[in-house]
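In: Fold the following for me, if possible:
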Amino acid sequence: MAKINLEDTMNEDSMKLATSRMKRRLDRIFLGGGKKKIEKEHAKGKLTARERINYLVDDDSYFFEIGAFAGFEMYAEHGGAPAGGVIAGIGYVSGKMCMIVANDATVKAGAWFPITGKKNLRAQEIVMENRIPIIYLVDSAGVYLPLQDEIFPDKEHFGRIFRNNAKLSSMGIPQIAAIMGSCVAGGAYLPIMSDESLIVEGTGSIFLAGPYLVKAAIGEVVDKETLGGASTQTDISGVTDYKMKDDQEALDTIRKLVDKMGQFDTTGFDRAKPIAPKNPAENIYNIFPSESTKQYDTREILDCIVDEGSMTEFKKTYGKTIICTYARIDGWAVGIVANNRKVVKNAKGEMQFGGVIYSDSADKATRFILNCNQKKIPLVFLHDVTGFMVGKRSEHGGIIKDGAKMVNAVSNSTVPKFSIVMGNSFGAGNYAMCGKAYDPRLIVAWPTAKIAVMGGQVAAKVLSQIQVSTAKKKGEEVDEAKEKEMFDAIKARYDEQTTPYYAAARLWVDAIIDPIETRQIISTGIEMANHAPVEKFNVGVIQT
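Out: This is a model prediction of the structure:
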């Protein structure tokens, strides 16, 4: 009888529970504004945003949704904004990879919250970086007026979207927009600044000012259809290019338009015939620890993701707290930089903590990143990092300089970068491992991810010590119970802010994923990145 490994069972139960919780939350998000709002859309003869995307993408093809958790628990006082009121993702339409952005009219009539604008900009950023076509399915009442000051005037606000429309056009990236509901005020520019536009009869309308505003502004009384309905904007003004009888015909027509697009040049990232990983992806569940402080061998995770037999490890016996290895993922050649969470000994016989970046590890990673740029190999970063090593010995050894080298290499890297936040991603470790600020083409988190300046336990100790010291300087008595109360309050707040949900709500990561999807998402990302040229790599000043 096989011996049961209790720790593996605990790990598996913990990861499955975390993944199940994530999927239950997604199920609620996928309902948008709720079943009653969905029924109202159907009563108007309209499909919902998610139904439109499901109809548009190729059957049995992979669709990677970005920003599903955007706005999660952020706008409770305004009734919430599931998925930020807009659905976005990468999918295949007529065999071609496209970005699809669809306003969700069940959420405040598709109005734009601040996070809606940020999510649209992220979708356009992905399109610009990877040069894939973008399809807009427009159905929006415009800016959500109670929060207009947080979305209207700044550089990364609403107007930036139309600026990006113009930039995308100048880059030769196809943009198709279908007006499938309201399209009003500033939002009217998005479809008309696209290359081609469709409008659905009876439900689609587009104008700079609706009937009520027109009456208030100039005293003219006019109905919506006459002002900016399908016949007006197609037959009379010529603003739109195609008049469609219903949602289905509009989506069918988009598929025909995409089908006629020519093939664009590819970058030429190397791809061989895919080979299945050594171990099934499900093994990740029992490998990854249930507690973030526990050690594990990251190579066992890699064996569940990379093609079997494809790893060639760089400087394996040096800088052991970071694993740098060439490999293949679904056939694609990649360079992997992964935090090793196993306690190791360096060549001097000194113990090094897993998940911490030491000077030798930073030096190794820097050299490896330079090599991958020279060879035009995409980079994959697997995060489980508590930060750089601190203390007298590290400072005397030049940890700041060595860390700066690694950050420099990541910053100037021009090959596509993809980040998977498996566990901890703390402090400057987040930066060195290509956090959101360092332009990963995609960055996703497992349900076990934690992103912050430092862990909640350490942060609470530091901040509570400061609070106690301040109180004592004021002559206040702080007993052990009061000190614990301070610590617990700080830790609770900090723990909430380090969750992957807090990060995904603010689009610090593109998605929270089931760990078994990791291989598929990296492969999809590299296929997407293969559409865009790689710029010449010029590293900045790296001190030796």
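In: Let me know the distance separating the closest residue to residue 105 other than its chain neighbours from residue 321.
Out: Residue nearest to residue 105 in three dimensions, not counting chain neighbours: residue 139, with 4.5 Å by C-beta to C-beta, 6 or more residues apart in numbering. Heads up, the C-betas are built off the backbone N, CA and C, glycines and all. Separation of residue 139 from residue 321 (C-beta to C-beta, to the nearest Å) stands at 50 Å.
In: For these two, indicate the residue with more neighbours.
Out: When residue 139 and residue 321 are compared on other C-beta atoms under 10 Å, the one with more neighbours turns out to be residue 139, at 29 against 26.
In: pretty sure the more buried one is in contact with residue 110, am I right?
Out: Yes. Taking contact to mean C-beta atoms under 8 Å, the distance of 5.0 Å between residue 139 and residue 110 places them in contact.
In: anything in contact with each of these two?
Out: Counting by C-beta atoms under 8 Å, 6 or more residues apart in numbering, the contacts common to residue 139 and residue 110 are 103-104, 181-182.
In: In a markdown table, list those along with pLDDT, secondary structure and distance to residue 437.
Out: Below are the shared contacts of residue 139 and residue 110 laid out as a markdown table (pLDDT from 0 to 100; DSSP: H, G, I helix; E, B strand; the rest coil; distance: C-beta to C-beta, whole Å):
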| residue | pLDDT | secondary structure | distance to residue 437 |
| --- | --- | --- | --- |
| 103 | 97 | strand | 28 |
| 104 | 97 | coil | 29 |
| 181 | 95 | strand | 36 |
| 182 | 89 | strand | 36 |
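In: outside of stretch 150-167, which residues touch it?
Out: Stretch 150-167 is touched from outside by 112-114, 116-118, 120-121, 124, 128, 143-144, 175, 186, 189-190, 193-194, with contacts defined as C-beta under 8 Å, 6+ apart.
In: Mind checking which of these are buried?
Out: Of the members of the contacts of stretch 150-167, the ones counted as buried by neighbours, 16 or more other C-beta atoms under 10 Å, are 112-114, 116-118, 120-121, 124, 128, 143-144, 175, 189-190, 193-194.
In: can you give me the strands in the stretch 201-350 of the chain?
Out: In order along the chain, the stretch 201-350 of the chain carries the following strands (DSSP state E, counting those that start in this stretch): 205-207, 242-244, 312-313, 322-329, 332-339, 344-345.
In: what's residue 384 in contact with, if anything?
Out: For residue 384, the contacting residues are 298, 338-339, 341, 355, 422-425, by C-beta under 8 Å, 6+ apart.
In: Let me know the secondary structure of it.
Out: Secondary structure, DSSP: H, G, I helix; E, B strand; the rest coil: residue 384 is strand.
In: residues touching the residue nearest to residue 504 when sequence neighbours are not counted, list them.
Out: Sequence neighbours aside, residue 69 is the residue nearest to residue 504 in space, at 3.6 Å (criterion: C-beta to C-beta, 6+ apart). Remark: with contacts taken as C-beta under 8 Å, 6+ apart, residue 69 is in contact with 25-26, 29, 83, 501, 504-505, 511-512.
In: Among those, name the ones in strands.
Out: Assignment to strands by DSSP state E places the following of the contacts of residue 69 there: 511-512.
In: List buried residues within the contacts of residue 69.
Out: Members of these classed as buried by 16+ other C-beta under 10 Å are 25, 29, 83, 501, 504-505, 511-512.
In: Which one of the strands of the stretch 201-350 of the chain has the poorest average confidence?
Out: Ranked by mean pLDDT, the strands of the stretch 201-350 of the chain end with strand 344-345 in last place, scoring a mean of 86.
In: and that strand, what does it pack onto?
Out: The elements that strand 344-345 packs onto, with contact taken as 3 or more C-beta pairs under 8 Å, 6 or more residues apart in numbering; DSSP states H and E, are strand 351-352.
In: residues making contact with the helix or strand just after the strand it packs on?
Out: Stepping forward along the backbone from strand 351-352, the first helix or strand reached (DSSP states H and E) is strand 356-357. Counting contacts by C-beta under 8 Å, 6+ apart, the residues outside strand 356-357 that touch it are 321-322, 339, 365, 385-389, 403, 406, 429, 432.
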